[in-house]
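Q: give the three-dimensional model of this entry:
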Amino acid sequence: MKFITEEDLRDVYRREPFTTYEMEPGTRITPGARQFLADRGIHIFDDVPFVKQHTVNAASALSGDVKQEEAQEEQVSWRTKKLYGKMKTMEALFLSTGAELLNRDASLSQSVINLGKQFRSIRTFDEGKSLAEIVCCRECQGMNPRTFYKDMGDCFDITEFHIELEKGREILALHQLRCRLREVISVVMEAYEGDENKIKLCEEMIGQVNRMINALSQMICSAVGGKECQRKS
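A: Numbering: from 1, shown residues only. This is a model prediction of the structure:
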């Protein structure tokens, strides 16, 4: 064990003043040397508690970073699972609505089931598969190919008046599908919020869901029986 004396430090300090002193392995300083450093405000890097404290702080900071990353991953995973569950629920709703309409309007039932198949392609698109061509809207006075993918709102409000019509139950079933699809859009936006790498994917999915919403609006118009577009001006 080598001891560093006050004289040793004075010689070093005389040649080149310093503000910190790092102990070399296998050395100790005498009380006089330590006082020499303390008088000049020179920090000594041999204090075991100091080293331990900074080591603990560094480990705590690293642990905090890891926990923060884990929390972010868990949040992303939670949002992704929520989106997947919402879309699977919508697929089931399309099927159940199609089954409900089967005995009342076979043609409308088939249209709803076909729409559900196209919706399924949006979910698989989110999983990395190619997006199938979605053909469900037709041009009318209130919609055209430039607006099919936009949020057009409802052509008109569904009220108690409409459920008293001949196809009131069909109208209500289609309206429920339309409302649930709008919920999907908010979940899609939540799932990809802040992910710059998936902005285009998010926009594409929202556009396709809007197209289905607009298609349901056209189905509702047909079920009401109006021959002219009833979209609110």
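
Q: how long is stretch 141-161 from one end to the other?
A: 24 Å (CA to CA, to the nearest Å).

Q: pull out the buried residues from it.
A: Neighbour-count burial for stretch 141-161 flags 142-143, 148-149, 152, 154-155, 158 (criterion: 16 or more other CB atoms under 10 Å). C-beta here means a position set from N, CA and C on the backbone, and glycine is covered the same way.

Q: and stretch 189-199, by the same measure?
A: The neighbour-count criterion (16+ other CB under 10 Å) identifies 191-192 as the buried residues of stretch 189-199.

Q: between the two ends of that stretch, how far is it?
A: Stretch 189-199 stretches 9 Å from its first residue to its last (CA to CA).

Q: secondary structure for the buried residues of stretch 141-161 - can I get that in a markdown table?
A: Below are the buried residues of stretch 141-161 laid out as a markdown table (DSSP: H, G, I helix; E, B strand; the rest coil):
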| residue | secondary structure |
| --- | --- |
| G142 | coil |
| M143 | coil |
| F148 | coil |
| Y149 | coil |
| M152 | coil |
| D154 | coil |
| C155 | coil |
| I158 | coil |
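
Q: from these, which is closest to R14?
A: Closest approach to R14 among these (CB to CB): Y149, at 80.0 Å.

Q: look up phi and psi at the closest one.
A: Backbone torsions for Y149, taken as degrees, to the nearest 10, come to phi -90, psi 10.

Q: swap in the one 5 residues further on?
A: Taking degrees, to the nearest 10, you get phi -80, psi 150 for the backbone angles of D154.

Q: for this protein, identify the residue most remote from the centre.
A: Note on the chain: the largest C-alpha distance from the chain mean falls to E7, namely 65.5 Å (CA atoms, centre = their mean).

Q: mind listing the helices for the protein?
A: Secondary structure of the chain (DSSP state H): helices at 6-15, 31-39, 48-102, 106-126, 160-163, 168-191, 199-224.

Q: please identify the most buried of these.
A: Ranked by mean neighbour count, these are led by helix 199-224 with a mean of 20 (mean count of other CB atoms under 10 Å).
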